[in-house]
Every structure is written in C-alpha cells, then in structure tokens.
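# Got a predicted structure here, sequence first:
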Amino acid sequence: MNLAYIPSPTFSKFQVGPFTIHMYAICILIGICVAVWILTTRWKRYGGNFDQILDTTLVTVPCALVGARLYHCITTPSAYFPPTGELVNILKVWEGGMAIFGGISVGALTAFLWCRHRHYPFGIFADSIAPALLVAQAIGRLGNWFNQELYGWPTNLPWGLKLNDADAIGKSEICYNGSQCPDYTTTLFHPTFLYEMIWNLIGAALIVFLGRKLADRLKAGQQFAMYMMWYGLGRTWIENVRINYSTVILGLRTNVWTAIIVFVAGCILFVVLYQYGPDVEAQTRRLQEVTADELERQRVEEEKNKQKNR
C-alpha cells in the first residue's frame, strides 16, 4: 500500500443553473488570461500597448482552439471519421480532445497574418509571447488533473497520481493500443500533467532569464525558437510516459513525432535567425512608430466625434 501519493480532485465540473461548467475549460481560460497579461507586459516594453494585444488575442485564440480540436481529431481518427466514428463527434468538444500542437500551429499562423495586416513586427511579438505560452500551457495542464486523464505508466513513487470515483472524462479513457487501462482503484500513475507543468514553468523562467542576459546578442524571434526547442524536447519524453491511446507511426506515438519535428524546427529557426534574423532594436523602433500612428489616428477620430456631437 502506498502511503504517499497525489490525490485527484473529487469533481471535474459543476452546475450554474442550467449550465455545466467544466474545470478543464476554466483552467484553459485562466491560462489564456495569464498569458495575455504576461504578453502585454513584455509587449509594452517594446513600445506596444494593451489594445494591440487585445485585438490580436480576439482574432488568434478562437482560431487556435479550432486548430487544437482539429489536430486531435485528425491524429485520433477512429472516433471522428467513418467507418468507426462519426463526423458529428468533432463538434462535441465537451467530451474532451484539444491538442496543444494544433492550437499553437494555427494560433502562430493566425498571429503572423494579423501582425502583417496591422504592421506589427512579428519577431518581437513572438519573443513576447514565448514564456507566456509555457505558463498558459502549465496552467492548462491542471485541466487534465481535474479530468483524471492523460496520466502515465503505473508507478510506486511517492508522487504517484491516485484516481478516484469522480465523474471525470478520464474514467472512460482507453489506453495503449485500444486496451483497457490498469485498474485505477489499486494502481498509482505517473502524474504527467505535473511533469509538464514543472517543465513548462522552468522553460518560461529560462527564456525570461536568457532573454535578459543575452539581450544584446539575440535576434528578434530567437526567444520563440527557444520555446519551440524547450517544449518539443520536454513533450518528447513526457509523451513516452503517457499510456492513453494514440496512433503509432513507425513505433512512435503521433505526438512524439510532432514534438521531435517542433524541436528540430526550433533548432533550425534559432540558427537561421542568428545569421539572418531582424534586429530587435529595429523592430522596436518600428513598433513604436506604428503605435504612435495608431494613437494619432485614434486622437483625430475622437476629435471628429466630439465636433459631431457639439
């Protein structure tokens, strides 16, 4: 009998009138809010403002959520596509299934296009959001804890995760290659949600530290490349600890392949940006000019409205 373990929450959702509120969704929303706060704080240091971040967030987050859902559905097709699944299941987001790789990929593309549209320098935007993403992902992993899902192999370690009888999504989780998960009443599991939380928070601190320590040497975008390398590396080993069902390609889980690709792409991006990347000071001056132009247009518009109301 294990005397020390990490307990699981006794609930994963609650009712507010006729509405069901899922803790997973709350964790994601808190993560987004914290990320926006960190992003805004860092963005302002370059000469931007909150309104620019708010507009970008309102465009990017919905696209990122769609990307996260579609990535999950595509990489686990048996539940969503014929002949074994139904397309309508793609819309049933309350049943779980959001993949961070899809969210980050689509979100990054959307942010890039929006920044080009608004003339914001994307390099320093990416650097600003790099640690914010890791903190948001760390907070979001608490949702897996509430759902009692995506845990790892059985373990006897004193920080093993103990599941319970709460009505959580993870209770219907299928492990390995479609086989039943080990008996949760007698088994502790590796708390992979906690491993990723700790890994992400360490990564966020490292990016902030290196960003300040090497401020005069880094090019715009290299801090985001650090994010890609750090998260890709960590997700590679964490994914191999998990036992939830996953499509396997050439002996590796789909997300392991994706993590490796993200890590390699981050390494390549870091080297390329070091050689050919834009200068941070130049992008900072550009952002300050764009911000000044926006504020001037806003002032002129307010003056016109005042004159009309006289």
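Cool, got the structure.

# Reduced to three states, what does Tyr231 come out as?
Following DSSP: H, G, I helix; E, B strand; the rest coil, the label given to Tyr231 is helix.

# unless I'm mixing things up, it is touching Leu201, no?
No: between Tyr231 and Leu201 no contact is recorded; they are 12.0 Å apart, counting by Cβ atoms under 8 Å. Any C-beta I mention is one placed from the backbone N, CA and C, and that applies to glycine too.

# So for the two, which sits in the more crowded spot?
When Tyr231 and Leu201 are compared for neighbours, Tyr231 comes out ahead with 26 against 16, by other Cβ atoms under 10 Å.

# for that one, what are its contacts?
Counting by Cβ atoms under 8 Å, 6 or more residues apart in numbering, Tyr231 touches Leu133, Leu134, Gln137, Asn200, Gly203, Ala259, Val262.

# Throw those into a markdown table and include neighbour count, thanks.
Formatted as a markdown table, the contacts of Tyr231 follow (neighbours: other Cβ atoms under 10 Å):
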| residue | neighbour count |
| --- | --- |
| Leu133 | 27 |
| Leu134 | 29 |
| Gln137 | 25 |
| Asn200 | 25 |
| Gly203 | 24 |
| Ala259 | 23 |
| Val262 | 23 |
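
# for the residue nearest to Ile21 when sequence neighbours are not counted, phi and psi?
Of all residues not flanking Ile21 in the chain, Phe14 sits nearest, at 5.5 Å (Cβ to Cβ, 6 or more residues apart in numbering). Here is the backbone geometry of Phe14 (degrees, to the nearest 10): phi -150, psi 160.

# Distance of Phe14 relative to His22?
For Phe14, the distance to His22 (Cβ to Cβ, to the nearest Å) stands at 9 Å.

# Compare the two and say which is more crowded by neighbours.
The residue with more neighbours, out of Phe14 and His22, is His22; 18 against 11, by other Cβ under 10 Å.

# Nearest spatial neighbour of the more buried one, chain-adjacent residues omitted?
Lys13 (4.6 Å).

# With Ile207 instead?
Pro131 (4.6 Å).

# cool, and Gly123?
Ala220 (2.8 Å).

# That neighbour - how many residues pack around it?
Neighbour count of Ala220, defined by other Cβ under 10 Å: 23.

# What is the burial count for Pro131?
As a burial measure, Pro131 scores 28 neighbours (other Cβ under 10 Å).

# Actually, Ala132.
Residues near Ala132, counting by other Cβ under 10 Å: 24.

# Distance from the chain centre to whichever strand or helix holds it, please.
Assessed by DSSP states H and E, Ala132 sits inside helix 122-140. Helix 122-140 has its C-alpha centroid displaced from the chain centroid by 8 Å (Cα atoms, centre = their mean, to the nearest Å).

# mind starting the numbering at 48 from now?
Happy to do that; since the first residue is 48 now, the last one works out to helix 169-187.

# and that helix, what does it pack onto?
Taking 3 or more Cβ pairs under 8 Å, 6 or more residues apart in numbering; DSSP states H and E as contact, the helices and strands that helix 169-187 lies on are helix 70-93, helix 147-165, helix 239-260, helix 269-288, helix 327-356.

# So which of those is the most surrounded?
When the helices and strands packed on helix 169-187 are scored by mean count of other Cβ atoms under 10 Å, the highest mean neighbour count falls to helix 269-288 (a mean of 22).

# relative to helix 327-356, how tilted is it?
100 degrees (axes from the mean of the first three to the mean of the last three Cα atoms, to 10 degrees).

# Sheet partners, orientation included, of the following helix or strand past helix 269-288?
Scanning forward in sequence from helix 269-288 by DSSP H and E, the next helix or strand is strand 295-296. Strand 295-296 sits in its sheet next to strand 299-300 (antiparallel), going by DSSP bridges.

# Contacts for the partner strand, please.
For strand 299-300, contacts defined as Cβ under 8 Å, 6+ apart pick out Glu286, Asn287, Arg289, Ser293, Thr294.

# I'd like the distance between the closest residue to Ala177 other than its chain neighbours and Trp246.
In space, and not counting its chain neighbours, Ala177 is closest to Tyr274: 4.0 Å by Cβ to Cβ, 6+ apart. Distance, Tyr274 to Trp246, by Cβ to Cβ: 12 Å.

# What of Leu316?
Here Leu316 is placed at a distance of 20 Å from Trp246 (Cβ to Cβ).

# Lys260 now?
For Lys260, the distance to Trp246 - Cβ to Cβ - is 21 Å.

# which residues does Ile85 contact?
Contact analysis of Ile85 by Cβ under 8 Å, 6+ apart lists Pro178, Ala179, Val182.

# Could you report the separation of Asp98 from Leu105?
11 Å.
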